[in-house]
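A.B. asks: the amino acid sequence is not available; the structure is as follows:
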């Protein structure tokens, strides 16, 4: 049945080449319009991401998952086109994964505090959890914990020992509102990956 119908259509189109030409022209125009719209959407998205800015009140008002997406979007703004949010059950301590323009793999744990720096401090167990998996499971060059709150006094020495980075409320405010890439704000970020 299908082969017979196809045969009839092909025979009819062969007898009416003008219709075939019009169908091909319509398909070409449709494909060109689709490609143009797609390019425009991608250009708009790139422009939007480059201009992305957050203030601390905006970040404080987010829920934990939305905070992870905001961190992902900031990494994308900074040129990490592959940045993705993976946080949730079974995330092995990683909420955002990204590769920066220098080829460095970033593993980010996000700790959102509804009350900002008045909320509970991020403690060393949070650092230990992400450190235990970031390099082994995800091949991280840069391991980072970011919060809109504060870290306990024991976090900074531990982070230095573990060669991790901490982004507290103050650093987050500069990063989110200035448009500067995070690696320009952090001390001792590893150099670019070889071959880049």
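C.D. replies: Perfect, thanks for sending it. Being a predicted model, the structure only gives us computed values, none of them experimental.
A.B. asks: ok, residue 146 - how many residues close by?
C.D. replies: 27 (other CB atoms under 10 Å). (Each C-beta comes from the backbone N, C-alpha and C, glycine too.)
A.B. asks: could you identify the helix or strand that succeeds the worst-scoring helix or strand of the chain on mean pLDDT?
C.D. replies: Least confident helix or strand of the chain, by mean pLDDT, DSSP states H and E, is helix 17-50 with a mean of 72. Downstream of helix 17-50, the next assigned helix or strand under DSSP states H and E is helix 56-61.
A.B. asks: list the contacts of that next one.
C.D. replies: Residues from elsewhere that reach helix 56-61, judged by CB atoms under 8 Å, 6 or more residues apart in numbering: 67, 70, 112-116, 148, 169, 172-173, 176.
A.B. asks: closest one to residue 38 out of those, please.
C.D. replies: residue 70 (25.7 Å; CB to CB).
A.B. asks: can I assume the closest one is in contact with residue 62?
C.D. replies: Yes: contact criterion CB atoms under 8 Å: residue 70 and residue 62 qualify, at 6.2 Å.
A.B. asks: doesn't residue 110 lie inside a strand?
C.D. replies: Yes: counting by DSSP: H, G, I helix; E, B strand; the rest coil, residue 110 is found in a strand.
A.B. asks: what about it, neighbour count?
C.D. replies: Residue 110: 23 neighbours (other CB under 10 Å).
A.B. asks: what's the neighbour count on the nearest residue to it once chain neighbours are set aside?
C.D. replies: Among residues not flanking residue 110 along the chain, residue 95 sits closest, at 4.3 Å (CB to CB, 6 or more residues apart in numbering). For residue 95, the neighbour count with other CB under 10 Å is 25.
A.B. asks: please identify the helix or strand for residue 14.
C.D. replies: helix 2-15.
A.B. asks: could you list every helix and strand in contact with that helix?
C.D. replies: helix 17-50 (3 or more CB pairs under 8 Å, 6 or more residues apart in numbering; DSSP states H and E).
A.B. asks: okay but residue 116 is in contact with residue 148, surely?
C.D. replies: Yes: shown here, residue 116 and residue 148 form a contact pair, counting by CB under 8 Å, at 5.6 Å.
A.B. asks: higher neighbour count, these two?
C.D. replies: residue 148 (29 against 17).
A.B. asks: state the distance from the more buried one to residue 68.
C.D. replies: Distance of residue 148 to residue 68, given as CB to CB, to the nearest Å: 12 Å.
A.B. asks: what sits in contact with each of the two?
C.D. replies: What both residue 148 and residue 68 touch, as defined by CB under 8 Å, 6+ apart, is the set residue 112.
A.B. asks: can you name the residues that contact the nearest residue to residue 104 once chain neighbours are set aside?
C.D. replies: Spatially, and ignoring its direct neighbours in sequence, residue 104 is nearest to residue 141 (4.1 Å; CB to CB, 6+ apart). By CB under 8 Å, 6+ apart, the contact set of residue 141 is 104-106, 190, 193.
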